[in-house]
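Asker: Make a model of this:
(one chain, ligands or ions: 3)
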Amino acid sequence: MDTNAQTTKSISLEKYGIVNVSEIIYNPSYDYLYNEELNPALEGFERGQLSELGAVNVMTGEFTGRSPKDKYIVKDSVTENTIWWNSDKAANDNKPISQDTWNALKETTVKQLSNKKLYVVDAFCGANENTRLKVRFIMEVAWQAHFVKNMFIRPTEAELENFGEPDFIVMNGSKTSFKDYAAHGLNSEVYVAFNLTEKIQLIGGTWYGGEMKKGLFSMMNYYLPLQGIASMHCSANKGKDGDVAVFFGLSGTGKTTLSTDPKRELIGDDEHGWDNDGVFNFEGGCYAKTIDLSKENEPDIFGAIKRDALLENVTVDANGKIDFKDGSVTQNTRVSYPINHIENIVRPVSKAGHATKVIFLTADAFGVMPPVSKLTPEQTKYYFLSGFTAKLAGTERGVTQPEPTFSACFGKAFLSLHPTKYGEELVKKMEQHNATAYMVNTGWNGTGKRISIKDTRAIIDAILDGSIENAETKTVPVFNFVVPTALPNVDTNILDPRNTYADAAEWQTKAEDLASRFIKNFVQYTDNEEGKSLVAAGPQL
Ligand SMILES: Nc1ncnc2c1ncn2[C@@H]1O[C@H](COP(=O)(O)OP(=O)(O)O)[C@@H](O)[C@H]1O
Ligand SMILES: C=C(OP(=O)(O)O)C(=O)O
Ligand SMILES: [Mn+2]
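Answerer: Ligands and ions are numbered 1, 2, ... in the order given. Coordinates of the predicted model:
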C-alpha cells in the first residue's frame, strides 16, 4: 500500500456549500504534513513541535478529550424511530436537534471553511468492502488531516482513483463556534452534530481529533447492527493458531495496551465489527495513551512513536525531549499512529476469523472485582449491558471518590441504537462460534495499588492459551463469580480479591455497596421478560 498517496484530483467543495477555496491539499503525504506542521509561519495550536522520537507533538487547545455534552443528531424521518434517543429513564448522548438548528450549524461551518486553503482526506471506515464507509474529511488544520490519515484506512492509489462519491462527509470547522447556541437550546458554542439523511458530521468549537474518530464509530454503530452485524467498542488480536480474541472496555481499561501483544497479531485497538466472515477493524491506526508510558512496560507502543506518528498534548522541551510522566496539560495525552507502526499485525487487511474469546475489561477502583472471572452466558449478557468501570478521583472536576460508571456495552457514548441491539448481535455471534466470556479487572484491589500490567498480561495469556479452563475454581460471593485459584505466572494471592484485604469483611462491605449500584443501574433493562430474567445473573444482596 502506498500510504503517501497524494493525487492531484480536482474536487469541488461547492456542492457542500464551501466556496472560493484558494487551494485544496488532497490526501497529503506524510512528508507534506510533517513539513506543514513544523512550518514556522503557523501560529497557536496549529503549529507542532518535533520530538526526540521523530514524531511531531501538537497541542489540541481547550479540548483534550471528547465533548459528549455537545453531541447532537438531527431528528427526522430517518432517525426518529431508529436512534436510541436521550430520555429521563435512560440518559445518553444522543440529543435531538431540528433541521433548522442543523441548517444554522452547517452555515456556520461552511462559512468557516470558505475562502481558504483546505485539506481534504478521503479514507475508509471499515476493513470490509461490503460494509465500509467512504468518508471525506474537510478541514483547515494540517495536523487534523494527519490525525485522520493515521486513524482511518488509507486507500491505495488505485482505490483513491476510483473513490467516487463519498458515503459520509465530515466538515471540521474547529476554529469557529456557534454563538447562537442558547436560542437553539444547545449546551454550548461547541457542536458535534450528525445528519443521517444528508450523511454529514459537523464539528465546531473543538479541535480534538477524537471527535472525528469516535464520530464515525457511532455511525458504524448505526449502520452495521441494522444489517445484523455486531459493532463493538473493543480491541482484537489473533493467535498463532488463528484464534481471535476481542477485548471490550471503556477508556483507560486496557484495550490498546493489552491487545498490543508481541505474541499475537494485532487486528485493531478500539473499534471492530463481527460479521459472517469474522472480526474486522474499522480503523487504519491506533490511538494509545502516553501518560507514564515506558519502554519497559509497553515496548511495542513505545516503538510505534516515530516519524508519522502524531503526539498530542505531551510535554516536549525546547530540545525535543519528551516527559511522558507530565500530565500537566491533561491525563489524556495521546499518540496516533498508522497500524503498521506495530510489527506484529494482521496483514494486508485488518481482519481475521470468528472470535472464540471475549474479554470484558474493567478498571475497578473499588477493589471489589476479581482480576479474572469466568462468565456464564447469562452473566455475559448482564455484564455487557451493565458496562461497568470506575472513574478515578481527580480525573474530572468534582470527582473526589472513585465513581462507578455504567456505560452500556462498554461504549454508551457511541451507541446509536438501543443497547439491547448490540447485546443481541454479540450474543448471536458468540453462540454461533462457541465463544466464551471473561471479566478482567485491570484496576485496583485491597492493596490500594493497581493490578500490575505483568499480572494482567499473564491472566490474558491463561485465557487465550486455555490454561484457565484447567485451573481449579471457587465462587466469590455477592457477584457469584467463578474464579481460578491459581494461574501460571500470576500472583496467587490476588485471584480472590478478599485475600488482598487485611480484613475480608471490608471487601464484603464494598462488594455489597457496588452490588446495589449494579442492581439500580440494571432497572432500565427490566421492562421486558428477557431483561427481567437476567437480573438473577447479576449480583445478589
Ligand atoms: N493492569 C493493567 N492492565 C492494563 N493497563 C494498565 C494496567 N495497569 C496500568 N495500566 C495503564 O492503563 C492504561 C490503559 O489504557 P489503554 O490501554 O489506552 O485503554 P483503552 O484503550 O481501553 O482506552 C495505560 O496507560 C496502561 O499503561
Ligand atoms: C479515543 C477514545 O478512546 P479510548 O479512550 O477508548 O482509547 C475516546 O473515547 O475518545
Ligand atoms: Mn484505546
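Asker: how about the most centrally placed residue in the chain, secondary structure?
Answerer: Compute the mean C-alpha point of the chain, and by CA atoms, centre = their mean the closest residue is Asp270, 4.7 Å away. Put simply, Asp270 is coil when judged by DSSP: H, G, I helix; E, B strand; the rest coil.
Asker: What does the pLDDT read for it?
Answerer: Note on Asp270: pLDDT of 98.
Asker: just checking, it touches Thr257?
Answerer: No - look at Asp270 against Thr257 with CB atoms under 8 Å: they stay out of range, at 11.8 Å. Every residue, glycine included, has its C-beta placed from N, CA and C.
Asker: In space, what's closest to Ser174 - neighbours in sequence excluded?
Answerer: Closest residue to Ser174 apart from its sequence neighbours, by CB to CB, 6 or more residues apart in numbering: Trp207 at 4.4 Å.
Asker: go on, Ser259?
Answerer: In space, Ser259 is closest to Ser235, 3.4 Å off (CB to CB, 6+ apart).
Asker: in which helix or strand would I find that neighbour?
Answerer: Taking DSSP states H and E as the definition, one finds Ser235 inside strand 234-238.
Asker: Tell me which other helices or strands the helix or strand following that strand touches.
Answerer: Note on strand 234-238: by DSSP H and E, the next helix or strand toward the C-terminus is strand 244-248. Counting contacts by 3 or more CB pairs under 8 Å, 6 or more residues apart in numbering; DSSP states H and E, strand 244-248 packs against strand 234-238, helix 255-259, strand 278-281, strand 355-362.
Asker: and the gap between the residue in the stretch 201-350 of the chain positioned nearest to ligand 2 and Pro68?
Answerer: Taking CB to the nearest ligand atom as the measure, the stretch 201-350 of the chain has Ser251 as its residue closest to ligand 2, at 3.1 Å. Using CB to CB, to the nearest Å, Ser251 is found at 12 Å from Pro68.
Asker: Who has more neighbours out of the two?
Answerer: Neighbours per residue, other CB atoms under 10 Å: of Ser251 and Pro68, the larger number sits with Ser251, 21 against 17.
Asker: now that one, what's its secondary structure?
Answerer: Ser251 is classified as coil under three-state DSSP.
Asker: Identify the residues contacting Ala462.
Answerer: Contact analysis of Ala462 by CB atoms under 8 Å, 6 or more residues apart in numbering lists Val372, Ile468, Ala471, Pro484, Leu487, Pro488, Val490.
Asker: What sits closest to the fifth one if chain neighbours are left out?
Answerer: Spelled out, that is Leu487. Nearest one to Leu487, counting by CB to CB, 6+ apart, is Ala462 at 4.5 Å.
Asker: Can you give me the distance of the one you found to ligand 2?
Answerer: Between Ala462 and ligand 2 the computed distance is 24 Å (CB to the nearest ligand atom, to the nearest Å).
Asker: I'd like the average pLDDT over the host helix or strand of that residue.
Answerer: In the assignment (DSSP H and E), Ala462 maps to helix 453-464. On average, the pLDDT along helix 453-464 is 98.
Asker: residues from the stretch 201-350 of the chain in reach of ligand 3?
Answerer: Lys255, Thr256, Asp270 (CB under 5 Å from the ion).
Asker: Name all residues that make contact with the last one.
Answerer: The contact partners of Asp270, taken as CB under 8 Å, 6+ apart, are Phe217, His233, Cys234, Ser235, Lys255, Thr256, Glu283, Cys286, Tyr287.
Asker: now the residue in the chain positioned nearest to ligand 3, nearest residue through space, not along the chain?
Answerer: Relative to ligand 3, the nearest point of the chain is Thr256 (3.4 Å; CB to the ion). In space, and not counting its chain neighbours, Thr256 is closest to Asp269: 4.2 Å by CB to CB, 6+ apart.
Asker: ok, now Thr475?
Answerer: Nearest to Thr475 is Val482, by CB to CB, 6+ apart, at 5.6 Å.
Asker: Give me the pLDDT value at that neighbour.
Answerer: Model confidence at Val482, given as pLDDT, is 98.
Asker: Provide a list of residues in contact with it.
Answerer: Ser373, Lys374, Thr376, Thr473, Lys474, Thr475.
Asker: Wait, Gly278 touches His354, no?
Answerer: Yes - if you go by CB under 8 Å, Gly278 and His354 touch, sitting 5.0 Å apart.
Asker: Overlap in contacts, these two.
Answerer: What both Gly278 and His354 touch, as defined by CB under 8 Å, 6+ apart, is the set Val244.
Asker: Number of residues surrounding Val56?
Answerer: Neighbours of Val56 (other CB under 10 Å): 25.
Asker: Repeat that for Ser87.
Answerer: Ser87: 10 neighbours (other CB under 10 Å).
Asker: Mind checking what secondary structure it has?
Answerer: Ser87 is classified as coil under three-state DSSP.
Asker: and it, how far is that from Gln524?
Answerer: For Ser87 relative to Gln524 (CB to CB), the value is 10 Å.
Asker: Helices of the stretch 151-300 of the chain, start to end?
Answerer: For the stretch 151-300 of the chain, helices defined by DSSP state H, counting those that start in this stretch occupy the ranges 157-161, 210-223, 255-259, 299-304.
Asker: Please convert those to TSV, extending it with distance to ligand 2, mean pLDDT and mean neighbour count.
Answerer: TSV is the format used below for the helices of the stretch 151-300 of the chain (distance: least, CB to the nearest ligand atom, whole Å; pLDDT from 0 to 100; neighbours: other CB atoms under 10 Å):
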stretch	distance to ligand 2	mean pLDDT	mean neighbour count
helix 157-161	26	95	14
helix 210-223	4	98	24
helix 255-259	6	97	25
helix 299-304	12	98	18
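Asker: Columns distance to Ser416 on top of those helices, output as CSV?
Answerer: Output for the helices of the stretch 151-300 of the chain, formatted as CSV (distance: least, CB to CB, whole Å):
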stretch, distance to Ser416
helix 157-161, 27
helix 210-223, 4
helix 255-259, 20
helix 299-304, 30
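Asker: Ligand 1: which of these is closest?
Answerer: Nearest to ligand 1, of those and by CB to the nearest ligand atom, is helix 255-259 at 3.3 Å.
Asker: Counting by contacts, list what that closest one packs against.
Answerer: Using 3+ CB pairs under 8 Å, 6+ apart: helix 255-259 touches strand 234-238, strand 244-248, strand 265-268, strand 285-289, helix 453-464.
Asker: Would you pull up how far that helix lies from the middle of the chain?
Answerer: Relative to the centre of its chain, helix 255-259 is centred 11 Å away, using CA atoms, centre = their mean, to the nearest Å.
Asker: How about residues contacting that helix?
Answerer: 234-237, 247-249, 266-270, 286-289, 298, 301, 361, 442, 453, 456-457, 460.
Asker: Identify the residues contacting the closest residue to Thr64 other than its chain neighbours.
Answerer: Leaving aside its chain neighbours, Thr64 sits nearest to Thr330 (3.8 Å; criterion: CB to CB, 6+ apart). By CB under 8 Å, 6+ apart, the contact set of Thr330 is Thr64, Gly65, Asn313.
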